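K.L.:
just the structure for this:
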Amino acid sequence: MIKINNIKELNSMKIDNYYFEVLENTIKISNKKEKYEININYRNDNIISTLETIKKLTEIKISLDKFQEREILSYIESKGFNKTLWNSIGKAMHKFNMIESGDKIAVGISGGKDSLVLFNSLIRIKKIANIDFEIVPIHIHMKEDTSDLTELKKYIEKFGYNLQVIETNLKNLVVGETKEKNPCFLCGRIRRGILYTTMKNQNLNKLALGHHKDDIVETFLLNIIYQGNRNIMKPSYFSEEHQVQIIRPLAFVEEKNIISYSKKLSLPILEEKCPYESSADSKRLKIKNIIKDISLENPDVRSIILNSIEDLF
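P.N.:
Take a look at the predicted model:
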C-alpha cells in the first residue's frame, strides 16, 4: 500500500514497473518493461475515483493519508454497496430512530472489520443526513496486547477524528484465577462496562456497536440451544442501569457484505489475537458453521430467522 498526502506526490514516483508523471489534469503512467503508457484524467474533487482507476489498471493500491472534506463521502460510499450495505443500514436507522440531533455517540472501535464499517457508516450518515450529532471513537486495549495501533489511529484521523485508547488489564480479569471456560460473554461485559464509565465521564448518551445480522441470528440460536431462553441482541434499546441508548446500525447487514466492503477499501483491520475466537470449543463458531451449511441449501436462512424474531425487538 502506497500512502500519499495529495496526488502531486506521485510525480516522478516509480512503483514496480510503473513510472508516474503528474501533469495539471492528467496522470501519465508508463510501464517501461512492457513499453506502454496509461493516461488518466483527474480533477482535485475526484482523487478517490482516480486512485481506484489506478488500482484497476495497475493493481497498485494507493491511499490518501488525509482526506479533503469533499473526498470523504466518495471514499466511504465506493461503488456497488447501495443494496447490500447502505440501504440495510438506512432501514435499521429509520426503523429504530437510532440517531437524533444533539446525540453524542460513543463508537466502540475494536479494530475489526465490523467496527470500522460501523465508523464509516456513521460518518456517511453525518454527511448526507440533516442531523447534527457527535461521533466519539473509543478503543479498549488490553495492556498485554502488543498490536500496533498506528494504522488504526491514522485511519480514524483521516476523517478528522482522534481515537481514544483506554488501556486495561482485561486479560487478567477474564482469564485470571477464575479460569472461565467460555470467557467471551464476560469479556464483552467488562469491555462494555469500561465504555459506559467513559461515556458517563464525557456525557455521551449513545453507544454504537458493530454487531451485524449474523451476530444477532447466532446469539439468538445460542441462547435457544444452550441457555433455553429467547433473549436476543436488540438493534436498539435503552439501558436503564447505565442510562444510555445502545444502537446497532449494522443489524440488517450480512457479514459477507461487510467483508466484501472492507476488502475493497483495504481497511486497516487489526489482527485477531483472541484464542477463543477460533477455538474448536467455541459454541458461537459451531452455530456459525451450522448456519453456513444450511445457507448452501437456503441462502436466505439468516433473513428468515431474523424476520421470525422481529417481534422480540
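K.L.:
please report the distance of the closest residue to L73 other than its chain neighbours from I38.
P.N.:
Of all residues not flanking L73 in the chain, K127 sits nearest, at 4.8 Å (Cβ to Cβ, 6 or more residues apart in numbering). Heads up, the C-betas are built off the backbone N, CA and C, glycines and all. Distance of K127 to I38, computed by Cβ to Cβ, to the nearest Å: 31 Å.
K.L.:
more crowded one of those two?
P.N.:
Taking neighbours as other Cβ atoms under 10 Å, K127 and I38 compare with I38 leading, 15 against 12.
K.L.:
helix, strand or coil: sort out the more buried one for me.
P.N.:
Following DSSP: H, G, I helix; E, B strand; the rest coil, I38 is assigned to strand.
K.L.:
could you give the bridge partners of it?
P.N.:
I29 (DSSP bridges).
K.L.:
wait, is R302 part of a strand?
P.N.:
No - R302 is assigned helix when assessed by three-state DSSP, not a strand.
K.L.:
touching, it and I291? I think so.
P.N.:
Yes - taking contacts as Cβ atoms under 8 Å, R302 lies within contact range of I291: 6.7 Å.
K.L.:
mutual contacts of those two, please.
P.N.:
Residues touching both R302 and I291 by Cβ atoms under 8 Å, 6 or more residues apart in numbering: 214, 217.
K.L.:
please parse the protein into its domains.
P.N.:
2-65, 81-312 (automatic domain parsing).
K.L.:
make a markdown table out of those domains and add distance to E71 and mean pLDDT.
P.N.:
Listed next are these as a markdown table, based on distance: least, Cβ to Cβ, whole Å; pLDDT from 0 to 100:
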| stretch | distance to E71 | mean pLDDT |
| --- | --- | --- |
| domain 2-65 | 5 | 89 |
| domain 81-312 | 10 | 90 |
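K.L.:
quick check: which of those is buried the most?
P.N.:
domain 81-312 (a mean of 16; mean count of other Cβ atoms under 10 Å).
K.L.:
for stretch 227-242, measure first residue to last.
P.N.:
25 Å (Cα to Cα, to the nearest Å).
K.L.:
same deal with stretch 62-81?
P.N.:
OK, stretch 62-81 end separation, Cα to Cα: 21 Å.
K.L.:
name the residues that touch that stretch?
P.N.:
1-6, 10, 44-49, 51-52, 54-55, 86, 120, 123-124, 127-128, 154, 157-159, 257, 260-261, 264-266.
K.L.:
now do that stretch: distance to the chain's middle.
P.N.:
In terms of Cα atoms, centre = their mean, to the nearest Å, the centre of stretch 62-81 is found 15 Å from the chain centre.
K.L.:
can you point out the buried residues in that stretch?
P.N.:
62-64, 67, 71-72, 74-77, 81 (16 or more other Cβ atoms under 10 Å).
K.L.:
and the residues you listed, which of them are in strands?
P.N.:
62-64 (DSSP state E).
K.L.:
wait, which of those residues is closest to I224?
P.N.:
S63 (43.2 Å; Cβ to Cβ).
K.L.:
from K8, how far out is the closest one?
P.N.:
For S63 relative to K8 (Cβ to Cβ), the value is 15 Å.
K.L.:
repeat that for R191.
P.N.:
Counting by Cβ to Cβ, the separation of R191 from K8 is 43 Å.
K.L.:
list the strands paired with the longest strand seen in the chain, with their directions.
P.N.:
Looking across the chain with DSSP E, the single longest strand is strand 134-142. Next to strand 134-142 in the sheet, as set by DSSP bridges, lie strand 104-108 (parallel), strand 164-168 (parallel).
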